[in-house]
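Enquirer: just the structure for this:
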Amino acid sequence: MRVLVLSDIHGNLEALSAVLAAARPRGWDQVWFLGDLVGYGADPEAAVQQLRALNPAFMVRGNHDKVICGVESASGFNSAARTAVEWTQRALSEDSLAYLRALPEGPAVAAPGVWVAHGAPLDEDEYLLEEGAASRQFDACDFNLCFIGHSHIACVFSLRAGRIGRQVPPPADGLKLGPGERHLFNPGSVGQPRDRDPRAAYAILDTQGGQVEHYRVTYDIATASQKILQANLPPLLARRLETGV
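Expert: This next block holds a predicted model:
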């Protein structure tokens, strides 16, 4: 089975469309989504509809999804994010807001030994950035492979022979899933990368081949940025697309 793994689309239709176009020739049997479908970008309704059309087999909610649909408040967000929340709430249909409310809390068990989460498996809002934080997940959870998002940084934490290592970005030739190894794999963000690479990011899990393939895709950043500015969203959100930070 081949699984297309997407995370942190953030209402960026140009990025999502480019990812799907690039991934389609590689093929997939299922789609797994790691949360934050909306927020920041200027095409939230179209992004919701495009993801819904993919009929993901497994999905979890992101922090922006929760706030925009009213499950949580925006009190912890910075001013640019709060402005984007308010704009996105107005831009979404009632049906799409209901869809976001129905997204489940992570983690979810997507296959034997394989989980999906937004932030950390132990806390959907935690950013996993350091080996110590990853160690706590390995100690408390029984997954062999867990896909995570939230940080917008493509990376993999690997536990091998009792040692944890972090690789940024993930291996270009694919992460081999060796026996006895455990991994936390962040495919990076489709719609707003923050690892100094502005290209959209995604992953494909190849269960038969025993590996995770990681890809970056060039997309029409200029159009996505211009849409943000035309919507009178904070210019910072447009600049971030251009710089990948």
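Enquirer: and for stretch 217-227, what are the contacting residues?
Expert: Residues outside stretch 217-227 that contact it (C-beta atoms under 8 Å, 6 or more residues apart in numbering): 12-15, 17-19, 22, 41-43, 198-202, 238-239, 241-242. C-betas here are computed from N, CA, C, even on glycine.
Enquirer: among the residues you listed, which are in strands?
Expert: Secondary structure from DSSP state E places 200-202 of these in strands.
Enquirer: so, if you compare those residues, which one comes nearest to Val212?
Expert: Lowest distance from Val212 to the ones in strands among the contacts of stretch 217-227 (C-beta to C-beta) belongs to Tyr202, with 10.9 Å.
Enquirer: give me the pLDDT for the closest one.
Expert: pLDDT, Tyr202: 98.
Enquirer: Cys141 contacts Pro121, doesn't it?
Expert: Yes - contact criterion C-beta atoms under 8 Å: Cys141 and Pro121 qualify, at 4.9 Å.
Enquirer: before we move on, the earlier item: quick one: buried ones out of the ones in strands among the contacts of stretch 217-227?
Expert: The neighbour-count test (16 or more other C-beta atoms under 10 Å) marks 200-202 as buried among the ones in strands among the contacts of stretch 217-227.
Enquirer: show me where this structure has its helices.
Expert: Taking DSSP state H as the test, the helices found in the chain are 13-23, 44-54, 63-68, 79-91, 94-101, 131-140, 221-230, 235-243.
Enquirer: against which helices or strands is the fifth one packed?
Expert: Judged by 3 or more C-beta pairs under 8 Å, 6 or more residues apart in numbering; DSSP states H and E, helix 94-101 is in contact with helix 44-54, helix 63-68.
Enquirer: let's see that with 10 Å instead.
Expert: helix 44-54, helix 63-68, helix 79-91 (3 or more C-beta pairs under 10 Å, 6 or more residues apart in numbering; DSSP states H and E).
Enquirer: please identify the most buried of those.
Expert: Across these, averaging neighbours per residue (mean count of other C-beta atoms under 10 Å) puts helix 63-68 on top, at a mean of 25.
Enquirer: CA atoms of that helix as PDB?
Expert: Provided in PDB are the C-alpha atoms of helix 63-68 (Å, rounded to 0.1, in the frame of the first residue of the first chain):
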ATOM      1  CA  ASN A  63      -4.700  23.800  16.400                       C
ATOM      2  CA  HIS A  64      -5.800  26.300  13.700                       C
ATOM      3  CA  ASP A  65      -8.600  24.000  12.700                       C
ATOM      4  CA  LYS A  66      -9.800  23.900  16.400                       C
ATOM      5  CA  VAL A  67      -9.700  27.700  16.800                       C
ATOM      6  CA  ILE A  68     -11.300  28.600  13.500                       C
END
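Enquirer: could you number the chain from 42 rather than 1 from now on?
Expert: Right, with 42 as the first residue, what we last looked at is helix 104-109.
Enquirer: noted, bye for now.
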